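>>> structure here, sequence nowhere to be found:
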Ligand SMILES: NC(=O)c1ccc[n+]([C@@H]2O[C@H](COP(=O)([O-])OP(=O)(O)OC[C@H]3O[C@@H](n4cnc5c(N)ncnc54)[C@H](OP(=O)(O)O)[C@@H]3O)[C@@H](O)[C@H]2O)c1
């Protein structure tokens with residue numbers, strides 16, 4: 001590792017393992033979970049790459065993770081951050097060809113997090129970026145876009161209409177515009193009336209506000225008219241259970257996020273027995289393990305093309321420097337009009 005510093009600034013985790021009391025991706029004080037620290041620059045092992053960070057994104061999965069409620073345990077003293085964009089500056093054996101390449105990357109479990117001046121991950125978790133994809137779009141190129149492509153594909157195999165919750169999320173917006181291009185109809189659920197017009201403009205067929213007094217009646221009417229078979233759900237609370245019960249025979253409730261703090265209660269078990277309904281989960285990590293590499297490569301290419309030609313873009317609400325995150329993350333994540341991104 002020539003010309004690299006020995007140490008770097010990083011936002012390290014203060015706790016190990018799991019919290020045991022999942023609360024959802026809401027942060028009241030980031031200093032409970034993170035500290036800014038000067039730590040050694042990691043050394044890539046065989047098949048790994050060291051990346052000098054340009055931009056890292058902040059996703060709900062990062063917030064679940066630092067709170068100890070994600071699908072993998074925290075590591076005390078290790079930097080947080082699952083995803084970003086940067087330049088490969090050193091590699092272990094087998095990845096030398098990537099040196100000097102600007103990449104989008106996801107941090108592998110054996111790596112070192114993106115909320116730092118340098119991140120470490122497996123070479124296979126990097127996507128070389130086209131020059132016409134911006135650093136910010138590159139920093140949010142993997143987690144949400146691949147999930148959007150994979151889940152819309154699942155929905156498209158099960159009819160021409162589907163339902164999404166938390167439709168104002170970055171992922172929700174990606175799915176709405178993708179569905180429009182594929183001539184699929186989307187019933188988009190939001191919790192704020194103010195969000196309706198923008199999502200209609202983006203291409204949602206129906207946008208329903210879950211806090212409306214007659215929401216259940218409105219959804220029942222939309223469900224009768226459009227007959228959605230798949231509910232892609234990031235909220236997973238009691239309203240979502242009601243939505244599932246109002247969907248037609250053979251409907252699938254696919255939970256992929258837990259933005260709602262409330263634990264849903266199942267009220268209509270008979271629908272699972274007599275109407276062929278199913279409750280499932282979706283996790284991108286499992287999808288990547290089980291989807292053939294050639295299919296993943298095709299999808300990655302399509303994702304980059306969509307960002308390069310402007311069909312997709314990343315809305316940014318707040319940009320924080322590494323030194324501002326501990327103090328500013330809680331307030332920044334309350335602004336829900338776009339993503340929080342971190343620059344070194
Ligand atoms: N399973 C997977 O593999 C996978 C992969 C990627 C993402 N995800 C999940 O996808 C979801 C969206 O991610 P993102 O990065 O697109 O999110 P994001 O852009 O940060 O947006 C979050 C959105 O969630 C809405 N929201 C927050 N709490 C809510 C609640 N209790 N009820 C209803 N809406 C709520 C907010 O809506 P307002 O505008 O109303 O404030 C906000 O627009 C997250 O749950 C994330 O964990 C899962």
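Noted; the coordinates are in hand. All of these numbers come straight from a predicted model, not from anything done at the bench.

>>> list the buried ones in stretch 80-93?
80-92 (16 or more other Cβ atoms under 10 Å). Using the backbone N, CA and C atoms, a C-beta is placed for each residue, glycine as well.

>>> check stretch 223-243 too.
Across stretch 223-243, burial judged by 16+ other Cβ under 10 Å covers 223, 226, 228-237, 239-243.

>>> sitting in helices, which of these do you find?
223, 226, 239, 240, 241, 242, 243 (DSSP state H).

>>> picking that back up, just the ones of the buried residues of stretch 80-93 in strands?
Here DSSP state E is the test, and those give 83, 84, 85, 86, 87, 88, 89, 90, 91 as lying in strands.

>>> closest to the ligand among those residues?
residue 83 (9.7 Å; Cβ to the nearest ligand atom).

>>> and that closest one, how far from residue 306?
17 Å (Cβ to Cβ, to the nearest Å).

>>> ok, residue 265 next?
Per Cβ to Cβ, residue 265 is found 39 Å from residue 306.

>>> between these two, tell me which one has more neighbours.
Taking neighbours as other Cβ atoms under 10 Å, residue 265 and residue 306 compare with residue 306 leading, 21 against 7.

>>> any part of the helix or strand the more buried one falls within near the ligand?
Element membership for residue 306 (DSSP states H and E) is helix 293-308. No. Counting by Cβ under 6 Å from any ligand atom, the ligand is not contacted by helix 293-308; separation bottoms out at 13.1 Å.

>>> elements contacting that helix?
Secondary-structure packing of helix 293-308 (3 or more Cβ pairs under 8 Å, 6 or more residues apart in numbering; DSSP states H and E): helix 143-156.

>>> avg pLDDT for the helix it packs on?
Averaging pLDDT along helix 143-156 yields 96.

>>> downstream neighbour of that helix in the secondary structure list?
Counting by DSSP H and E, what follows helix 143-156 is strand 161-164.

>>> contact partners of the helix or strand that that following strand is followed by?
Counting by DSSP H and E, the next helix or strand C-terminal to strand 161-164 is helix 170-181. With Cβ atoms under 8 Å, 6 or more residues apart in numbering as the test, helix 170-181 has contacts from 140, 144-145, 147-149, 151-152, 155, 162, 164-167, 185-186, 188, 199, 202-204, 232, 234, 306, 311-312, 314-315, 338-339.

>>> which of those residues are buried, as a PyMOL select command?
In PyMOL syntax, the buried subset of these is picked out as below (16+ other Cβ under 10 Å):
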select buried, resi 140+144+145+147+148+149+151+152+155+162+164+165+166+167+185+186+188+199+202+203+204+232+234+306+312+314+339
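
>>> could you find the closest non-adjacent residue to the closest residue to the ligand within the stretch 151-300 of the chain?
Going by Cβ to the nearest ligand atom, the ligand is nearest to residue 257 of the stretch 151-300 of the chain, at 2.3 Å. In space, and not counting its chain neighbours, residue 257 is closest to residue 234: 3.3 Å by Cβ to Cβ, 6 or more residues apart in numbering.

>>> pretty sure that neighbour sits against residue 240.
No. With contact defined as Cβ atoms under 8 Å, residue 234 does not count as touching residue 240 (9.1 Å).

>>> which neighbours do the two share?
Joint contacts of residue 234 and residue 240 (Cβ under 8 Å, 6+ apart) are residue 165.

>>> thinking again about what came up before, dump the ones in helices among the buried residues of stretch 223-243 to a markdown table, plus distance to the ligand and pLDDT.
Below are these laid out as a markdown table (distance: Cβ to the nearest ligand atom, whole Å; pLDDT from 0 to 100):
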| residue | distance to the ligand | pLDDT |
| --- | --- | --- |
| 223 | 19 | 98 |
| 226 | 21 | 98 |
| 239 | 8 | 98 |
| 240 | 9 | 98 |
| 241 | 13 | 98 |
| 242 | 14 | 98 |
| 243 | 12 | 98 |
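
>>> need the max-distance pair from those.
226 and 241 (19.7 Å; Cβ to Cβ).

>>> near the ligand, which residues of the stretch 1-150 of the chain?
59, 60, 61, 143, 144, 147.

>>> where does this structure have low pLDDT?
Applying pLDDT under 70 to the chain flags the ranges 1-2.

>>> longest strand anywhere in it?
The chain, longest strand under DSSP E: strand 48-58.

>>> mind giving me the packing neighbours of that one?
Judged by 3+ Cβ pairs under 8 Å, 6+ apart, the packing partners of strand 48-58 are strand 83-91, strand 102-106, strand 118-122, helix 135-139, helix 325-334, strand 339-343.

>>> in its sheet, what does it sit against?
Partner strands and pairing direction for strand 48-58 (DSSP bridges) are strand 83-91 (antiparallel), strand 118-122 (antiparallel), strand 339-343 (antiparallel).
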